[in-house]
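pasted the sequence and its predicted model underneath.
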Amino acid sequence: MHRRGFLAAGLATVLASPRALAQMKLDDMSSMDSMPGMSGHAGHDMGAMSQGATMLPEGKALRELPLLANESGRPGLFKARLTAEPAVTRFAEGQDTPILAYNGQSPGPLIEAFEGDRVEITFANRIGEEASTIHWHGMPVPADQDGSPMDPVAAGTDRIYAFDLPEGSAGSYWYHPHPHGKTAEQVYRGLAGAFVVKSKGDPVPADYGDTVLVLTDLRLAADGSMPDNTMSDLMNGRVGDHVLVNGQKNPRLSVAMGARRRLRLYNATNARFLKIAFDGASMTIIGTDGGLLEKPVAAAEILLSPAERIELVVSFDKPGPATLYTLDYDRGWMGPGRPADAGLTLLTVDVSETPAQAVPPLPERLRPIAPLPAPALSRRLVLTETMAMNATGMEMGFLINGKAFDMARVDIVAKAGETELWEIVNQADMDHPFHVHGTQFQVFERERDGITSKPSYLAWKDTVNVARGETVRLLLRQERRGLRMYHCHILEHEQLGMMGVLDVQA
Ligand SMILES: [Cu+2]
(Lines give C-alpha, C1' and ligand atoms only; values in the text may rest on other atoms or scores of the structure.)
Protein backbone atom coordinates (compact mmCIF):
# COMPACT_ATOMS: atom_id res chain seq x y z
CA MET A 1 0.00 0.00 0.00
CA HIS A 2 1.28 3.41 -0.90
CA ARG A 3 2.19 5.79 1.90
CA ARG A 4 -0.06 8.52 0.51
CA GLY A 5 -2.94 6.11 0.90
CA PHE A 6 -2.21 5.97 4.58
CA LEU A 7 -2.18 9.73 4.78
CA ALA A 8 -5.45 10.13 2.94
CA ALA A 9 -7.12 7.54 5.11
CA GLY A 10 -5.67 9.15 8.23
CA LEU A 11 -4.95 5.78 9.74
CA ALA A 12 -3.02 5.50 12.95
CA THR A 13 -1.19 2.48 11.74
CA VAL A 14 2.23 1.22 12.67
CA LEU A 15 4.26 0.36 9.62
CA ALA A 16 6.43 -2.24 11.18
CA SER A 17 6.90 -4.64 8.29
CA PRO A 18 10.15 -4.62 6.35
CA ARG A 19 8.18 -3.90 3.18
CA ALA A 20 6.67 -0.77 4.63
CA LEU A 21 10.07 0.39 5.77
CA ALA A 22 11.51 -0.28 2.34
CA GLN A 23 8.68 1.78 0.84
CA MET A 24 9.63 4.67 3.12
CA LYS A 25 13.19 4.48 1.93
CA LEU A 26 12.28 4.43 -1.74
CA ASP A 27 9.89 7.35 -1.54
CA ASP A 28 11.16 10.82 -2.06
CA MET A 29 11.55 11.97 1.52
CA SER A 30 11.92 15.60 0.52
CA SER A 31 8.24 15.64 -0.41
CA MET A 32 7.47 15.22 3.29
CA ASP A 33 7.95 18.90 4.00
CA SER A 34 4.89 19.69 1.95
CA MET A 35 2.83 16.93 3.48
CA PRO A 36 0.35 17.63 6.27
CA GLY A 37 1.82 17.28 9.72
CA MET A 38 5.39 17.14 8.49
CA SER A 39 6.42 20.75 8.66
CA GLY A 40 6.49 20.87 12.44
CA HIS A 41 9.82 19.13 12.58
CA ALA A 42 11.37 20.16 9.34
CA GLY A 43 11.58 23.79 8.35
CA HIS A 44 14.53 23.20 6.07
CA ASP A 45 14.97 21.51 2.75
CA MET A 46 16.31 18.08 3.56
CA GLY A 47 18.16 17.68 0.31
CA ALA A 48 20.05 20.94 0.62
CA MET A 49 22.29 20.14 3.52
CA SER A 50 25.29 19.01 1.53
CA GLN A 51 24.91 21.56 -1.25
CA GLY A 52 25.84 25.17 -0.78
CA ALA A 53 27.41 24.47 2.59
CA THR A 54 29.19 27.48 4.04
CA MET A 55 32.95 27.40 3.47
CA LEU A 56 35.04 27.22 6.60
CA PRO A 57 38.68 28.27 6.87
CA GLU A 58 41.08 25.32 6.92
CA GLY A 59 44.75 24.80 7.74
CA LYS A 60 45.04 26.84 10.93
CA ALA A 61 47.38 25.58 13.66
CA LEU A 62 45.66 22.91 15.73
CA ARG A 63 44.19 24.41 18.85
CA GLU A 64 44.98 22.53 22.03
CA LEU A 65 41.89 22.28 24.18
CA PRO A 66 42.07 24.61 27.19
CA LEU A 67 42.41 22.73 30.47
CA LEU A 68 39.73 23.05 33.12
CA ALA A 69 41.68 24.58 36.00
CA ASN A 70 41.75 22.68 39.28
CA GLU A 71 40.64 25.16 41.96
CA SER A 72 41.50 22.84 44.82
CA GLY A 73 44.75 23.39 46.69
CA ARG A 74 44.60 19.90 48.17
CA PRO A 75 46.43 16.99 46.52
CA GLY A 76 44.04 14.26 45.40
CA LEU A 77 41.09 16.61 44.97
CA PHE A 78 39.98 17.99 41.62
CA LYS A 79 37.54 20.83 42.13
CA ALA A 80 36.10 23.05 39.43
CA ARG A 81 33.02 24.70 38.01
CA LEU A 82 31.39 24.08 34.64
CA THR A 83 28.80 26.55 33.42
CA ALA A 84 26.64 25.66 30.43
CA GLU A 85 25.49 28.84 28.74
CA PRO A 86 24.76 30.42 25.37
CA ALA A 87 27.81 31.84 23.62
CA VAL A 88 28.75 33.18 20.20
CA THR A 89 31.57 31.81 18.10
CA ARG A 90 32.89 32.28 14.59
CA PHE A 91 33.25 29.25 12.33
CA ALA A 92 32.93 31.02 8.96
CA GLU A 93 34.65 34.31 8.08
CA GLY A 94 32.65 37.31 9.22
CA GLN A 95 29.73 35.25 10.54
CA ASP A 96 28.71 34.87 14.16
CA THR A 97 27.17 31.58 15.24
CA PRO A 98 25.16 31.30 18.45
CA ILE A 99 26.14 28.09 20.25
CA LEU A 100 25.93 26.48 23.65
CA ALA A 101 29.22 26.25 25.50
CA TYR A 102 30.81 25.03 28.72
CA ASN A 103 32.72 27.92 30.31
CA GLY A 104 32.45 29.75 27.00
CA GLN A 105 34.18 26.93 25.07
CA SER A 106 32.99 24.39 22.53
CA PRO A 107 34.23 21.69 22.76
CA GLY A 108 34.24 22.25 26.50
CA PRO A 109 37.49 22.56 28.46
CA LEU A 110 39.59 19.40 28.76
CA ILE A 111 39.32 17.84 32.19
CA GLU A 112 42.42 15.99 33.35
CA ALA A 113 42.52 14.12 36.64
CA PHE A 114 44.39 11.13 38.03
CA GLU A 115 43.38 7.70 39.22
CA GLY A 116 42.71 7.93 42.94
CA ASP A 117 41.50 11.54 42.73
CA ARG A 118 38.28 12.82 44.23
CA VAL A 119 36.34 14.95 41.72
CA GLU A 120 33.90 17.70 42.73
CA ILE A 121 32.49 19.71 39.86
CA THR A 122 29.82 22.31 40.34
CA PHE A 123 27.56 22.41 37.31
CA ALA A 124 25.72 25.65 36.67
CA ASN A 125 22.89 25.35 34.16
CA ARG A 126 22.59 28.77 32.52
CA ILE A 127 21.33 27.51 29.18
CA GLY A 128 18.07 29.40 29.39
CA GLU A 129 14.72 27.75 29.89
CA GLU A 130 15.91 24.16 29.57
CA ALA A 131 16.88 21.52 32.08
CA SER A 132 20.24 19.88 31.53
CA THR A 133 22.63 17.45 33.21
CA ILE A 134 26.25 16.44 32.87
CA HIS A 135 26.64 12.78 32.04
CA TRP A 136 30.18 11.47 32.67
CA HIS A 137 30.24 9.15 29.67
CA GLY A 138 31.98 5.86 30.40
CA MET A 139 33.17 6.85 33.87
CA PRO A 140 32.78 4.63 36.92
CA VAL A 141 30.60 7.06 38.88
CA PRO A 142 27.75 6.21 41.29
CA ALA A 143 24.27 6.12 39.76
CA ASP A 144 23.20 9.32 41.57
CA GLN A 145 26.18 11.21 40.06
CA ASP A 146 25.71 9.87 36.52
CA GLY A 147 23.79 12.87 35.15
CA SER A 148 21.09 10.67 33.67
CA PRO A 149 17.71 11.96 32.41
CA MET A 150 16.20 10.94 35.79
CA ASP A 151 18.27 13.55 37.56
CA PRO A 152 17.73 16.87 35.74
CA VAL A 153 19.35 20.13 36.78
CA ALA A 154 16.65 22.79 36.36
CA ALA A 155 17.32 25.93 34.36
CA GLY A 156 19.15 28.54 36.41
CA THR A 157 20.23 26.14 39.17
CA ASP A 158 23.53 24.57 40.27
CA ARG A 159 24.43 21.11 41.46
CA ILE A 160 27.64 19.43 42.54
CA TYR A 161 28.73 16.19 40.91
CA ALA A 162 31.13 14.31 43.20
CA PHE A 163 32.85 10.98 42.65
CA ASP A 164 36.12 9.12 43.14
CA LEU A 165 38.29 7.84 40.30
CA PRO A 166 39.33 4.32 41.24
CA GLU A 167 42.78 2.86 40.56
CA GLY A 168 42.80 1.24 37.13
CA SER A 169 40.22 3.64 35.70
CA ALA A 170 42.61 5.66 33.49
CA GLY A 171 40.97 6.22 30.10
CA SER A 172 39.50 8.58 27.53
CA TYR A 173 36.08 9.57 28.82
CA TRP A 174 33.90 12.52 27.97
CA TYR A 175 31.10 14.64 29.33
CA HIS A 176 27.88 15.86 27.72
CA PRO A 177 24.28 16.77 28.63
CA HIS A 178 21.70 14.00 28.97
CA PRO A 179 18.37 15.70 29.80
CA HIS A 180 15.14 14.00 28.75
CA GLY A 181 14.22 14.94 25.19
CA LYS A 182 16.91 17.60 24.78
CA THR A 183 20.19 15.68 24.64
CA ALA A 184 20.55 15.67 20.86
CA GLU A 185 19.98 19.40 20.51
CA GLN A 186 22.18 20.47 23.43
CA VAL A 187 25.04 18.35 22.10
CA TYR A 188 24.88 19.49 18.48
CA ARG A 189 24.65 23.11 19.64
CA GLY A 190 28.04 22.65 21.30
CA LEU A 191 27.92 20.94 24.68
CA ALA A 192 30.53 18.17 24.84
CA GLY A 193 34.01 17.89 26.26
CA ALA A 194 36.77 15.37 26.98
CA PHE A 195 37.63 13.99 30.42
CA VAL A 196 40.95 12.16 30.51
CA VAL A 197 41.77 10.09 33.58
CA LYS A 198 45.52 9.58 33.80
CA SER A 199 47.57 6.94 35.51
CA LYS A 200 50.72 7.76 37.46
CA GLY A 201 52.22 4.56 36.08
CA ASP A 202 51.46 5.28 32.44
CA PRO A 203 53.57 2.93 30.27
CA VAL A 204 53.37 5.12 27.14
CA PRO A 205 56.53 7.28 26.78
CA ALA A 206 55.88 10.91 27.73
CA ASP A 207 57.92 11.96 24.66
CA TYR A 208 54.93 10.98 22.50
CA GLY A 209 52.91 13.83 24.01
CA ASP A 210 49.21 13.33 24.67
CA THR A 211 46.87 15.18 22.34
CA VAL A 212 43.11 15.08 22.64
CA LEU A 213 41.20 15.45 19.37
CA VAL A 214 37.46 15.97 19.86
CA LEU A 215 35.56 15.40 16.61
CA THR A 216 32.26 17.22 16.25
CA ASP A 217 29.83 17.81 13.43
CA LEU A 218 28.62 21.21 12.27
CA ARG A 219 25.84 22.44 10.00
CA LEU A 220 25.43 26.14 9.39
CA ALA A 221 22.53 27.96 7.76
CA ALA A 222 23.27 30.82 5.34
CA ASP A 223 22.99 33.34 8.20
CA GLY A 224 25.57 31.48 10.29
CA SER A 225 23.07 29.96 12.70
CA MET A 226 22.69 26.25 13.39
CA PRO A 227 19.43 25.02 11.84
CA ASP A 228 17.00 22.90 13.84
CA ASN A 229 16.80 19.18 13.22
CA THR A 230 14.90 18.12 10.08
CA MET A 231 12.82 14.99 9.50
CA SER A 232 15.88 13.36 7.97
CA ASP A 233 17.94 14.27 11.04
CA LEU A 234 15.38 12.65 13.31
CA MET A 235 15.42 9.46 11.27
CA ASN A 236 19.11 9.15 10.50
CA GLY A 237 20.56 11.20 13.29
CA ARG A 238 21.92 14.66 12.57
CA VAL A 239 24.87 14.66 10.22
CA GLY A 240 26.23 18.11 9.45
CA ASP A 241 28.28 19.61 6.64
CA HIS A 242 31.64 19.80 8.40
CA VAL A 243 33.55 17.50 10.74
CA LEU A 244 35.62 19.63 13.11
CA VAL A 245 38.65 18.73 15.20
CA ASN A 246 38.73 20.70 18.46
CA GLY A 247 36.30 23.11 16.81
CA GLN A 248 38.45 23.67 13.68
CA LYS A 249 38.16 22.37 10.15
CA ASN A 250 41.21 20.43 8.98
CA PRO A 251 43.71 22.08 11.35
CA ARG A 252 47.49 21.62 10.95
CA LEU A 253 50.03 20.11 13.24
CA SER A 254 53.81 20.14 12.67
CA VAL A 255 56.14 17.34 13.72
CA ALA A 256 59.71 16.26 12.98
CA MET A 257 60.37 13.21 10.82
CA GLY A 258 60.36 10.05 12.90
CA ALA A 259 58.20 11.61 15.61
CA ARG A 260 55.57 9.60 17.42
CA ARG A 261 52.43 11.18 18.75
CA ARG A 262 49.86 9.85 21.18
CA LEU A 263 46.44 10.95 19.91
CA ARG A 264 43.09 10.40 21.63
CA LEU A 265 40.27 10.61 19.10
CA TYR A 266 36.74 11.24 20.31
CA ASN A 267 33.66 10.83 18.15
CA ALA A 268 31.52 13.49 19.84
CA THR A 269 29.15 13.86 16.88
CA ASN A 270 25.43 13.15 17.17
CA ALA A 271 25.36 10.60 14.39
CA ARG A 272 28.40 10.66 12.11
CA PHE A 273 30.21 7.35 11.56
CA LEU A 274 33.89 8.02 11.00
CA LYS A 275 35.92 5.39 9.21
CA ILE A 276 39.39 6.87 9.45
CA ALA A 277 42.84 6.22 8.06
CA PHE A 278 46.17 8.04 7.98
CA ASP A 279 47.86 8.76 4.65
CA GLY A 280 51.62 9.14 5.11
CA ALA A 281 51.78 7.89 8.70
CA SER A 282 51.11 4.62 10.49
CA MET A 283 48.58 4.06 13.28
CA THR A 284 48.90 1.78 16.27
CA ILE A 285 45.90 1.33 18.55
CA ILE A 286 46.91 1.49 22.20
CA GLY A 287 43.55 2.10 23.89
CA THR A 288 39.78 2.19 23.56
CA ASP A 289 36.90 3.84 25.46
CA GLY A 290 37.98 2.51 28.86
CA GLY A 291 41.74 2.82 28.62
CA LEU A 292 44.81 0.97 27.40
CA LEU A 293 44.84 -2.37 25.61
CA GLU A 294 47.04 -5.24 26.79
CA LYS A 295 49.43 -4.63 23.92
CA PRO A 296 49.60 -2.30 20.89
CA VAL A 297 47.76 -3.33 17.71
CA ALA A 298 48.67 -1.94 14.27
CA ALA A 299 45.66 -0.69 12.29
CA ALA A 300 45.24 0.57 8.71
CA GLU A 301 41.62 1.72 9.18
CA ILE A 302 39.41 2.32 12.18
CA LEU A 303 35.64 2.71 12.40
CA LEU A 304 34.79 5.19 15.13
CA SER A 305 31.03 5.22 15.61
CA PRO A 306 29.25 8.01 17.54
CA ALA A 307 30.50 8.24 21.16
CA GLU A 308 33.41 5.84 20.67
CA ARG A 309 37.00 6.83 21.46
CA ILE A 310 40.30 5.40 20.31
CA GLU A 311 43.79 6.01 21.63
CA LEU A 312 46.55 5.87 19.02
CA VAL A 313 50.27 6.17 18.66
CA VAL A 314 50.95 7.58 15.21
CA SER A 315 54.44 7.32 13.66
CA PHE A 316 55.43 10.03 11.20
CA ASP A 317 58.34 8.47 9.34
CA LYS A 318 58.03 10.17 5.95
CA PRO A 319 58.63 13.89 5.30
CA GLY A 320 55.76 15.86 3.76
CA PRO A 321 52.10 16.15 4.64
CA ALA A 322 50.37 13.25 6.40
CA THR A 323 46.60 13.43 6.51
CA LEU A 324 43.95 11.90 8.72
CA TYR A 325 41.03 11.32 6.38
CA THR A 326 37.74 9.42 6.12
CA LEU A 327 36.78 6.38 4.07
CA ASP A 328 33.32 5.38 2.90
CA TYR A 329 31.16 3.53 5.40
CA ASP A 330 27.53 2.64 4.70
CA ARG A 331 25.71 2.63 8.02
CA GLY A 332 22.24 2.54 6.47
CA TRP A 333 20.52 5.75 5.44
CA MET A 334 16.80 6.50 5.12
CA GLY A 335 15.73 8.69 2.22
CA PRO A 336 17.86 10.94 0.02
CA GLY A 337 20.70 13.15 1.18
CA ARG A 338 23.08 10.46 2.35
CA PRO A 339 26.12 12.51 3.29
CA ALA A 340 29.44 11.96 1.56
CA ASP A 341 31.43 9.98 4.10
CA ALA A 342 34.60 9.44 2.13
CA GLY A 343 37.45 11.82 1.43
CA LEU A 344 37.04 14.30 4.27
CA THR A 345 40.41 15.53 5.52
CA LEU A 346 40.15 15.84 9.28
CA LEU A 347 43.72 16.82 10.17
CA THR A 348 46.91 17.62 8.25
CA VAL A 349 50.27 16.92 9.83
CA ASP A 350 53.35 18.58 8.30
CA VAL A 351 56.29 16.24 8.75
CA SER A 352 59.60 18.11 8.44
CA GLU A 353 62.78 16.84 6.77
CA THR A 354 64.60 17.32 10.06
CA PRO A 355 64.75 14.06 11.97
CA ALA A 356 63.21 13.98 15.42
CA GLN A 357 65.31 13.19 18.47
CA ALA A 358 65.31 9.50 19.28
CA VAL A 359 62.35 8.52 21.46
CA PRO A 360 61.88 5.37 23.54
CA PRO A 361 59.96 2.56 21.82
CA LEU A 362 56.38 1.74 22.71
CA PRO A 363 56.42 -1.06 25.30
CA GLU A 364 55.23 -4.44 24.06
CA ARG A 365 52.89 -4.79 27.02
CA LEU A 366 50.72 -1.91 28.17
CA ARG A 367 48.67 -3.35 31.03
CA PRO A 368 46.82 -6.55 31.87
CA ILE A 369 43.09 -6.84 31.12
CA ALA A 370 41.38 -9.65 32.99
CA PRO A 371 38.70 -11.29 30.86
CA LEU A 372 35.31 -11.10 32.57
CA PRO A 373 34.26 -14.52 33.95
CA ALA A 374 31.60 -16.80 32.50
CA PRO A 375 28.21 -15.04 32.65
CA ALA A 376 25.64 -15.94 35.29
CA LEU A 377 22.86 -15.23 32.80
CA SER A 378 22.25 -13.87 29.35
CA ARG A 379 19.84 -11.26 28.00
CA ARG A 380 18.67 -10.49 24.50
CA LEU A 381 18.04 -6.91 23.40
CA VAL A 382 16.51 -6.50 19.94
CA LEU A 383 16.80 -3.15 18.17
CA THR A 384 14.07 -2.23 15.68
CA GLU A 385 12.73 0.82 13.86
CA THR A 386 9.05 1.60 13.23
CA MET A 387 7.04 4.24 11.44
CA ALA A 388 3.62 5.25 12.66
CA MET A 389 0.99 7.63 11.37
CA ASN A 390 -1.04 9.61 13.85
CA ALA A 391 -3.14 12.77 13.93
CA THR A 392 -0.13 15.06 13.91
CA GLY A 393 1.84 13.30 11.21
CA MET A 394 4.40 10.58 10.95
CA GLU A 395 6.36 9.40 13.91
CA MET A 396 9.45 7.28 13.84
CA GLY A 397 10.03 4.90 16.65
CA PHE A 398 13.35 3.42 17.66
CA LEU A 399 12.72 0.51 19.96
CA ILE A 400 14.48 -1.99 22.21
CA ASN A 401 12.59 -5.26 22.60
CA GLY A 402 9.55 -3.60 21.00
CA LYS A 403 9.38 -0.79 23.55
CA ALA A 404 10.15 2.90 23.46
CA PHE A 405 11.89 4.50 26.44
CA ASP A 406 9.77 5.12 29.50
CA MET A 407 11.52 6.67 32.47
CA ALA A 408 8.94 5.19 34.84
CA ARG A 409 9.57 1.62 33.67
CA VAL A 410 12.45 -0.62 34.71
CA ASP A 411 13.38 -2.85 31.79
CA ILE A 412 16.13 -4.96 33.33
CA VAL A 413 16.94 -5.84 36.94
CA ALA A 414 20.55 -6.93 37.45
CA LYS A 415 22.66 -7.90 40.41
CA ALA A 416 25.71 -5.86 41.38
CA GLY A 417 28.95 -7.74 40.83
CA GLU A 418 27.41 -10.42 38.61
CA THR A 419 28.67 -10.88 35.05
CA GLU A 420 25.99 -10.99 32.35
CA LEU A 421 26.08 -11.73 28.66
CA TRP A 422 24.13 -9.16 26.64
CA GLU A 423 23.18 -10.11 23.13
CA ILE A 424 22.38 -6.96 21.13
CA VAL A 425 20.46 -7.94 18.01
CA ASN A 426 20.10 -5.28 15.33
CA GLN A 427 17.02 -6.05 13.23
CA ALA A 428 16.80 -2.48 12.00
CA ASP A 429 17.90 -0.89 8.72
CA MET A 430 20.56 1.30 10.27
CA ASP A 431 23.61 0.69 12.44
CA HIS A 432 23.07 1.63 16.09
CA PRO A 433 26.03 2.38 18.39
CA PHE A 434 25.00 0.83 21.71
CA HIS A 435 26.07 2.47 24.99
CA VAL A 436 25.64 1.31 28.58
CA HIS A 437 26.05 3.67 31.54
CA GLY A 438 27.90 2.84 34.73
CA THR A 439 30.50 0.35 33.59
CA GLN A 440 32.90 -0.78 30.90
CA PHE A 441 32.16 -4.00 29.05
CA GLN A 442 34.07 -6.49 26.89
CA VAL A 443 32.87 -7.44 23.42
CA PHE A 444 32.81 -11.21 23.33
CA GLU A 445 31.55 -12.12 19.87
CA ARG A 446 29.87 -10.77 16.73
CA GLU A 447 27.52 -12.63 14.43
CA ARG A 448 26.33 -11.74 10.94
CA ASP A 449 24.68 -13.97 8.33
CA GLY A 450 25.29 -16.95 10.59
CA ILE A 451 29.03 -16.33 10.78
CA THR A 452 30.46 -15.60 14.20
CA SER A 453 33.75 -13.86 14.87
CA LYS A 454 35.73 -12.96 17.96
CA PRO A 455 37.30 -9.53 18.37
CA SER A 456 41.01 -9.54 17.57
CA TYR A 457 41.90 -8.04 20.97
CA LEU A 458 40.45 -7.71 24.45
CA ALA A 459 39.36 -4.17 25.32
CA TRP A 460 37.26 -2.13 27.71
CA LYS A 461 34.39 -0.43 25.91
CA ASP A 462 31.28 1.53 26.85
CA THR A 463 29.96 1.99 23.32
CA VAL A 464 29.94 -0.58 20.52
CA ASN A 465 28.54 -0.29 17.02
CA VAL A 466 25.93 -2.92 16.19
CA ALA A 467 25.70 -2.94 12.40
CA ARG A 468 22.36 -3.59 10.72
CA GLY A 469 21.68 -7.30 10.62
CA GLU A 470 24.42 -7.93 13.15
CA THR A 471 24.34 -9.41 16.65
CA VAL A 472 26.97 -8.29 19.15
CA ARG A 473 27.48 -10.30 22.32
CA LEU A 474 29.19 -8.57 25.20
CA LEU A 475 30.13 -9.39 28.77
CA LEU A 476 29.12 -6.81 31.29
CA ARG A 477 29.28 -6.39 35.04
CA GLN A 478 27.84 -3.49 37.03
CA GLU A 479 29.59 -2.99 40.36
CA ARG A 480 27.43 -0.19 41.73
CA ARG A 481 23.76 -0.19 42.68
CA GLY A 482 21.19 2.12 41.15
CA LEU A 483 19.35 3.01 37.97
CA ARG A 484 21.33 3.11 34.74
CA MET A 485 20.56 3.86 31.12
CA TYR A 486 21.45 1.88 28.05
CA HIS A 487 20.75 3.36 24.63
CA CYS A 488 21.67 4.01 21.05
CA HIS A 489 24.21 6.84 20.87
CA ILE A 490 22.79 8.28 17.69
CA LEU A 491 21.31 10.92 19.93
CA GLU A 492 18.18 11.45 17.84
CA HIS A 493 17.44 7.72 18.13
CA GLU A 494 17.91 7.82 21.88
CA GLN A 495 15.50 10.74 21.95
CA LEU A 496 12.93 8.87 19.86
CA GLY A 497 12.88 5.89 22.19
CA MET A 498 15.90 3.64 21.73
CA MET A 499 16.81 3.63 25.44
CA GLY A 500 16.06 1.43 28.42
CA VAL A 501 16.42 1.46 32.20
CA LEU A 502 18.58 -0.98 34.11
CA ASP A 503 18.14 -1.36 37.87
CA VAL A 504 21.27 -2.73 39.53
CA GLN A 505 20.42 -4.17 42.93
CA ALA A 506 22.53 -5.48 45.80
CU1 LIG B 1 20.43 4.35 16.62
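Cool, got the structure.

make it CA atoms for all contacts and neighbour counts henceforth
Noted.

average pLDDT for stretch 479-495?
Averaged across stretch 479-495, the pLDDT comes to 98.

from start to finish, how long is it in a straight line?
Using CA to CA, to the nearest Å, one end of stretch 479-495 lies 27 Å from the other.

can you find the helix or strand in the protein with the smallest mean pLDDT?
helix 3-9 (a mean of 31; mean pLDDT, DSSP states H and E).

roughly how far apart are Tyr266 and the ion?
According to CA to the ion, to the nearest Å, Tyr266 and the ion sit 18 Å apart.

pLDDT below threshold where in the chain?
In the predicted model of the chain, residues 1-52 satisfy pLDDT under 70.

closest point of the protein to the ion, which residue?
Here the residue of the chain nearest the ion is His432; by CA to the ion that distance is 3.8 Å.

which residues touch that residue?
Counting by CA atoms under 8 Å, 6 or more residues apart in numbering, His432 touches Asn426, Asn465, Val466, Ala467, Arg468, Cys488, His489, Ile490.

recalculate using a threshold of 10 Å.
By CA atoms under 10 Å, 6 or more residues apart in numbering, the contact list for His432 reads 271, 305-306, 331-332, 383-384, 424, 426, 463-468, 487-490, 493-494, 498.

is any residue of stretch 400-418 near the ion?
No. Using CA under 5 Å from the ion, stretch 400-418 never reaches the ion; the gap is at least 10.3 Å.

wait, Lys60 touches Lys249, no?
Yes. Counting by CA atoms under 10 Å, Lys60 does reach Lys249; the two are 8.2 Å apart.

those two: which has the busier surroundings?
Lys249 (24 against 13; other CA atoms under 10 Å).

what's the burial count for the residue lying closest to that one once chain neighbours are set aside?
Leaving aside its chain neighbours, Lys249 sits nearest to Glu58 (5.3 Å; criterion: CA to CA, 6 or more residues apart in numbering). By other CA under 10 Å, the residues close to Glu58 number 15.

could you measure Glu58 against Ala124, distance?
Here the criterion is CA to CA. By it, Glu58 lies 33 Å from Ala124.

kindly report the same for Asp228.
For Asp228, the distance to Ala124 - CA to CA - is 25 Å.

need phi/psi at Leu491.
Leu491 adopts backbone torsions of phi -70, psi -30, taken as degrees, to the nearest 10.

for Met498, see how far away it is.
Taken as CA to CA, the span from Leu491 to Met498 is 9 Å.

likewise Ala131?
Ala131 sits 21 Å away from Met498, taking CA to CA as the criterion.

higher neighbour count, these two?
Neighbour count, other CA under 10 Å: between Ala131 and Met498, Met498 has more, with 28 against 22.

which residues are in contact with the more buried one?
By CA under 10 Å, 6+ apart, the contact list for Met498 reads 383-385, 397-405, 432, 434, 486-492.

buried subset of the residues you listed, written for PyMOL?
Listed next is the PyMOL selection for buried residues among those, using 16 or more other CA atoms under 10 Å:
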select buried, resi 383+384+385+397+398+399+400+403+404+405+432+434+486+487+488+489+490+491+492
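
skipping adjacent residues, who's closest to the residue positioned nearest the centre of the chain in space?
For the chain, the residue sitting closest to the mean C-alpha position, by CA atoms, centre = their mean, is Ala307 at 1.7 Å. Nearest residue to Ala307, sequence neighbours excluded (CA to CA, 6+ apart): Asn267, at 5.1 Å.

likewise for Leu274?
Leu304 (5.1 Å).

for that neighbour, give its distance to Leu265.
9 Å.

anything in contact with each of these two?
Ile310.

tell me the backbone dihedrals of Gln495, please.
phi -60, psi -30.

I'd guessed it sits against Met407; true?
No. Using CA under 10 Å, Gln495 is not in contact with Met407, being 12.0 Å away.

name every strand pairing with the helix or strand encompassing Gly287 and say which way it goes.
Taking DSSP states H and E as the criterion, the element that holds Gly287 is strand 282-288. Strand 282-288 has the following strand partners under DSSP bridges: strand 291-299 (antiparallel), strand 309-316 (antiparallel).

for the ones you listed, which one sits closest to Thr89?
strand 309-316 (25.8 Å; CA to CA).

how about that closest one: buried residues?
Here strand 309-316 shows Arg309, Ile310, Glu311, Leu312, Val313, Val314, Ser315, Phe316 as buried, counting by 16+ other CA under 10 Å.

same check on stretch 349-362?
In stretch 349-362, counting by 16+ other CA under 10 Å, buried: Val349, Asp350, Val351, Ser352, Ala356, Leu362.

all helices in the stretch 1-150 of the chain, in order from the N-terminus.
For the stretch 1-150 of the chain, applying DSSP state H, counting those that start in this stretch gives helices covering 3-9, 18-26.

what's the burial count for Arg118?
Count around Arg118 with other CA under 10 Å applied: 17.

please apply the same query to Ala374.
For Ala374, using other CA under 10 Å, the count is 11.

three-state assignment of Met485?
Under the three-state scheme (DSSP: H, G, I helix; E, B strand; the rest coil), Met485 adopts strand.

correct me, but it touches Gly500?
Yes. Counting by CA under 10 Å, Met485 touches Gly500, with 5.8 Å between them.

contact residues of the protein facing the ion?
Residues of the chain lying near the ion (CA under 5 Å from the ion): His432, Cys488, Ile490, His493.

need those residues in JSON lines (columns: secondary structure).
Below are the residues of the chain next to the ion laid out as JSON lines (three-state DSSP):
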{"residue": "His432", "secondary structure": "strand"}
{"residue": "Cys488", "secondary structure": "strand"}
{"residue": "Ile490", "secondary structure": "coil"}
{"residue": "His493", "secondary structure": "helix"}
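
hmm, back to that, between Asp228 and Ala124, which one's more packed in?
Per other CA under 10 Å, whichever of Asp228 and Ala124 has more neighbours is Ala124, with 24 against 17.

gap between that one and Gly224?
Distance, Ala124 to Gly224, by CA to CA: 27 Å.

just the strands in the stretch 51-200 of the chain please.
Using DSSP state E, counting those that start in this stretch, the strands of the stretch 51-200 of the chain run over residues 77-89, 97-102, 111-114, 118-125, 135-137, 158-164, 171-176, 193-198.

scratch that, the stretch 301-450 of the chain
Per DSSP E, counting those that start in this stretch, the stretch 301-450 of the chain carries strands over the ranges 302-304, 309-316, 320-327, 345-355, 377-390, 393-400, 412-415, 419-426, 432-436, 442-448.

nearest to Thr288, of those?
Per CA to CA, nearest to Thr288 of those: strand 309-316, 4.6 Å.

next, the angle strand 345-355 makes with that closest one.
Going by axes from the mean of the first three to the mean of the last three CA atoms, to 10 degrees, strand 309-316 is angled at 30 degrees with respect to strand 345-355.

re earlier: quick one: contacts for the residue nearest to Leu274?
Residues near Leu304 by CA under 10 Å, 6+ apart: Leu265, Tyr266, Asn267, Arg272, Phe273, Leu274, Lys275, Ile276, Ile310, Pro433, Val464, Asn465.

many thanks, I have nothing further to ask.
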